[in-house]
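Q: Okay, here's the prediction I keep looking at, along with the sequence it came from:
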Amino acid sequence: EMVLALWFIIMMIADLAIFCALSHLGSRCQRRWQQEVVLLGGVAVIYAAGCWLIGHGMALDYYFQLSCVLLLPTYMGYAWRRWGSKLPQHWIWAVLGAVVLVYVHHHTGSWVELSLNRILGPKWFLLVTAGGIAAHLGVCRLIAVLPGLADCMAYAGRYSLHIIALHFLAFKVAAFVYIKAHGLSLVLLACFPAAGYPMQDNWWWLLYLACGFVLPLGAVAVWEWLAGCLRA
């Protein structure tokens, strides 16, 4: 029960294991292009199988159907590491990615939610994944030109696993504030993932976002300070 908030880590481990197996299988081919064909072909087949399973409402143990679907963004990351440097690096990718995400949301009226087995279908997930990657790469280019913000984001990146592990605890703090502000019952603290979710119609999600970052990083800072005092 303690690892339920980190359910996606199990899914990602299975995803990477499948990807490594496909990569190993491809490496047995002599020519480089043959290796890439085997890898991409295997990813495409398993991705299609995962989409089929989800489309038919099937949920396997350890979210294995989602691991199959995640092979696609994993391959995109692999391809970017290999050939991304040859593409122009510009903030315009943030705009193009945002346009794609808005288009998919407007056309489908929904959004990807892996925890609910919702991927919108093979083509939409492909578009959302590509749009999300492009948007984040473009935003990174914008952040890089702002030294102070870049340093803050780099610090958060170094402790991203701490943020992941502690964000639900931080959400409970934000939920307590939300409940008190609205005069609601404290029983709502038990809501998953958080009281008031979903929050498309108000700005309370900003509090959750702030707490999800600030409290875990604050805990890390306090721990490092205490460790420094003990070493001294």
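A: On my side now, so go ahead.
Q: When you work out contacts or count neighbours from here on, use the C-alpha atoms and nothing else.
A: OK.
Q: residues contacting the residue lying closest to V112 once chain neighbours are set aside?
A: Leaving out its chain neighbours, the residue that sits closest to V112 by C-alpha to C-alpha, 6 or more residues apart in numbering is I119, at 4.8 Å. With C-alpha atoms under 8 Å, 6 or more residues apart in numbering as the criterion, the residues that contact I119 are 51, 54, 111-113, 125.
Q: And those residues, which of them are buried?
A: The neighbour-count criterion (16 or more other C-alpha atoms under 10 Å) marks 51, 54, 111-112, 125 among these as buried.
Q: Let me know the closest of these to Q34.
A: Within these, the smallest distance to Q34 is 25.5 Å, found for C51 (C-alpha to C-alpha).
Q: would you put the C-alpha positions of stretch 129-137 in PDB?
A: Once non-C-alpha atoms are left out, stretch 129-137 reads as follows in PDB (Å, rounded to 0.1, in the frame of the first residue of the first chain):
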ATOM      1  CA  THR A 129       3.300  12.500 -26.900                       C
ATOM      2  CA  ALA A 130       5.000  14.400 -29.700                       C
ATOM      3  CA  GLY A 131       3.300  17.700 -28.700                       C
ATOM      4  CA  GLY A 132       4.200  17.300 -25.100                       C
ATOM      5  CA  ILE A 133       7.900  16.500 -25.900                       C
ATOM      6  CA  ALA A 134       8.100  19.400 -28.300                       C
ATOM      7  CA  ALA A 135       6.500  21.800 -25.800                       C
ATOM      8  CA  HIS A 136       8.800  20.800 -23.000                       C
ATOM      9  CA  LEU A 137      11.900  21.100 -25.100                       C
END
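Q: which residues touch that stretch?
A: With contact meaning C-alpha under 8 Å, 6+ apart, stretch 129-137 is reached by 73, 91, 93-101.
Q: Looking at those residues, point me to the pair that's furthest apart.
A: Among the contacts of stretch 129-137, the pair separated by the greatest distance (C-alpha to C-alpha) is P73 and W91, at 20.8 Å.
Q: Three-state assignment for Y78, please.
A: Reducing the assignment at Y78 to three states with DSSP: H, G, I helix; E, B strand; the rest coil gives helix.
Q: gap between it and G84?
A: When C-alpha to C-alpha, to the nearest Å is the yardstick, Y78 and G84 sit 9 Å from each other.
Q: just to revisit the earlier point, can you convert the contacts of I119 into TSV and add a column each for distance to G131, secondary structure and pLDDT?
A: Formatted as TSV, the entries for those read as follows, by distance: C-alpha to C-alpha, whole Å; DSSP: H, G, I helix; E, B strand; the rest coil; pLDDT from 0 to 100:
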residue	distance to G131	secondary structure	pLDDT
C51	19	helix	94
I54	21	helix	93
W111	13	coil	87
V112	12	coil	89
E113	15	strand	88
F125	10	helix	94
